[in-house]
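My questions are about this predicted structure, shown below with the sequence.
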Amino acid sequence: MRRACAHIETGRARAGRTDAHRVTVYVLAATGPGALSRWEAEARRWNFDPADDVGVAGDAATVAAGVMRWADAGADTVVLQPTSDDPDPEGFIEFVAREVRPLVPRPGPLFP
């Protein structure tokens, strides 16, 4: 993420761009029973190495820490993307809204 943001800024500088540029990142995420194995399988489906920092699996505190890690690396917006085999997509959305969101401080880069 940091390398990508630096690359973006290099290109913007070469183009003479000085206006604001927002960075949105989509992060694979899983929670609940089997979260880690579902997340690892999803990462492989996307041809990512699960050892790379391309997602997060776990409880609300773990997922919120992941959100802040990407924000600290330069993301203005972090979108949590459930695994394609998530057993309860609506429950995932509720989990993010009710349990993860309150753990992400505001105001900050995610909430201008």
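Received, thanks. All values reported here derive from a predicted model rather than from experimental measurement.

Can you tell me the SS state at the residue of the chain most remote from its centre?
Distance from the C-alpha centroid of the chain peaks at residue 16, with 29.2 Å (CA atoms, centre = their mean). What DSSP: H, G, I helix; E, B strand; the rest coil gives for residue 16 is coil.

Residue 80 now?
strand.

ok, now which ones touch residue 38?
Neighbouring residues of residue 38 by CB atoms under 8 Å, 6 or more residues apart in numbering: 30, 57, 83, 85-86. In short, each C-beta sits where N, CA and C put it, glycine included.

Buried among those residues? Make that a ChimeraX selection.
This is the ChimeraX syntax for the buried subset of the contacts of residue 38, where burial follows 16 or more other CB atoms under 10 Å:
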select :30,57,83,86
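
okay, the contacts of residue 38 in CSV with distance to residue 63 next?
Shown next, in CSV, are these (distance: CB to CB, whole Å):
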residue, distance to residue 63
30, 9
57, 8
83, 13
85, 18
86, 13
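
Could you work out the most separated pair of the contacts of residue 38?
Farthest-apart pair in the contacts of residue 38 is 57 and 85; separation 12.9 Å (CB to CB).
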